[in-house]
Structures are given as structure tokens and as C-alpha cells.
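K.L.:
sequence first, predicted model second:
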Amino acid sequence: MAIDIAEVKRLKELTGVGLTDAKAALEESGGDFDKALAAMRKKGLTKAEKRGAREARAGLIGTYNHDGRIGVLVEVNCETDFVARNEIFTELVKDLAMHVAASDPQYVSVDGVPAEDREKVKAELVEKAKNEGRPADMVDKIVEGQLVKHFAERCLLDQPFIKNPDQTVGDYVKGHNARLGENVVVRRFSRFALGEIS
């Protein structure tokens, strides 16, 4: 079966894999672009996860200002200056800054939640569960589930992405790892709202 070179290039662009891999995926899927895309995204994301161990020290500090009332600074790192200047990367940084402005996360990821914050919320949830008369042997399980939910709503990488709520911000960033062929890391952010005291 002859594979259209335009489809190969399109698949390469969407997934960040090489031309040979894109062509092979189309051949394996019998020319079905959607099946090939799904297969290559899985492979691309697997490669992106392996890249996670590589050092990311280049990057950008992006800004977003919403009507002069909300301002955001976000630092996103990658491995090379070449990628930091890439249009796909700069668009990612802008999207992340806009998401922070809209969703007001408190932490980058669950790993970044200070132990004292976690313990404080846990103590509140335990007290609440006991006051509601929950069985003592179930309190720990109930509280653990509530803790996961509580921090998922407040951690940037676990929040549903504002431009596509079907995926998390973390998945959106991983997709860019695959497309750019480099480790991409959201390092930190600051959000300022007019009249708010931090």
C-alpha cells in the first residue's frame, strides 16, 4: 500500500517522531491516520517520560496580564536555547501563564506541597469526618481520598487544562515533551491579583 508523504509529514508534525517512524506507523495501521496517530502518541509519550530525567536549565519566563487586574509570571524550562525560542514552546509558556491566571493554582505539583500544608488540611478533614459520624476504621481511607481531590484542585499539573478540560495541564506539558523532543518542566509561577494580599 502506498503511503501519502503529506500524511507522513502531518503525523510527524503532530507527534514529534521521525519520518521513518511516522511512515512505519501509517503502514502498520493500513493507512488509517487516526490509528497511526494514537499509536505514535503512545510511543511519543513513552519517550517523553524517559526524557524526564534529563536536565532542563534553558527556557523562558512567560507573562500574562488580564485586564490589568491579574498578572502572572511563570518559569518553564527545557534543555536547549534552540527549543526555548521555538514557537511551539513559547505558545506552551503563554498557555500556562493564562491557565494560572484563570485557575489560580497554589502549587506546581503534589510533590511541591509543603508537609505542613498537607498535615493542616489532613487534620481538618479528619475532624470533619469524625464530626459527621463516619466509622472510625474508615476515616483514614475517606480522608486520603479527600486529600488527593483537595490538592489535585490546587496543583497546576493536576488541574483540567482551560483550553481542553478533557486533559490535565500535566498531560498537556507531556504532549509538548513529545512534540519538542526535550524534557519540559514547569519550575514555578507567581500570580498577582489587584487588591489581594498574599
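P.N.:
Here it is on my side, so go on. Note that the structure is predicted; figures quoted are calculated from it, not measured. Numbers count the residues shown, from 1 in each chain.
K.L.:
make sure I have this right: residue 76 is in a strand.
P.N.:
Yes. Under DSSP: H, G, I helix; E, B strand; the rest coil, residue 76 falls within a strand.
K.L.:
ok, it - how many residues close by?
P.N.:
Summarising burial for residue 76: neighbours were counted as other CB atoms under 10 Å, giving 26. To be clear about C-beta, it is placed using only N, CA and C from the backbone, and glycine gets the same treatment.
K.L.:
OK, contacts around it?
P.N.:
Listed by CB atoms under 8 Å, 6 or more residues apart in numbering, the contact set of residue 76 reads 59-60, 62, 89, 92-93, 96, 184-187.
K.L.:
only the buried subset of those, as a ChimeraX command please.
P.N.:
Buried residues within the contacts of residue 76, by 16 or more other CB atoms under 10 Å, are selected in ChimeraX with:
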select :59,60,62,89,92,93,96,184,185,186
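K.L.:
report the secondary structure state of the spatially most central residue of the chain.
P.N.:
What sits nearest the mean C-alpha location of the chain, by CA atoms, centre = their mean, is residue 170, with 1.8 Å. In terms of secondary structure, residue 170 is helix; the call rests on three-state DSSP.
K.L.:
which residue sits closest to it, ignoring its sequence neighbours?
P.N.:
Distances taken as CB to CB, 6 or more residues apart in numbering put residue 157 closest to residue 170, at 3.6 Å, once the chain neighbours are dropped.
K.L.:
same deal with residue 192?
P.N.:
Closest residue to residue 192 apart from its sequence neighbours, by CB to CB, 6+ apart: residue 71 at 4.6 Å.
K.L.:
need phi/psi at the nearest residue to residue 182 once chain neighbours are set aside.
P.N.:
Nearest non-adjacent residue to residue 182, counting by CB to CB, 6+ apart: residue 79, 4.4 Å away. Geometry field for residue 79 lists phi and psi as phi -90, psi -30, criterion degrees, to the nearest 10.
K.L.:
what number of residues lie near residue 182?
P.N.:
The local packing count at residue 182 equals 24, with neighbours defined by other CB under 10 Å.
K.L.:
and it, what pLDDT?
P.N.:
Predicted confidence (pLDDT) for residue 182: 87.
K.L.:
kindly report the same for residue 8.
P.N.:
What the model reports for residue 8 is a pLDDT of 79.
K.L.:
got the contact list for it?
P.N.:
The contact partners of residue 8, taken as CB under 8 Å, 6+ apart, are 19, 22-23, 26.
K.L.:
fine, thanks again, bye for now.
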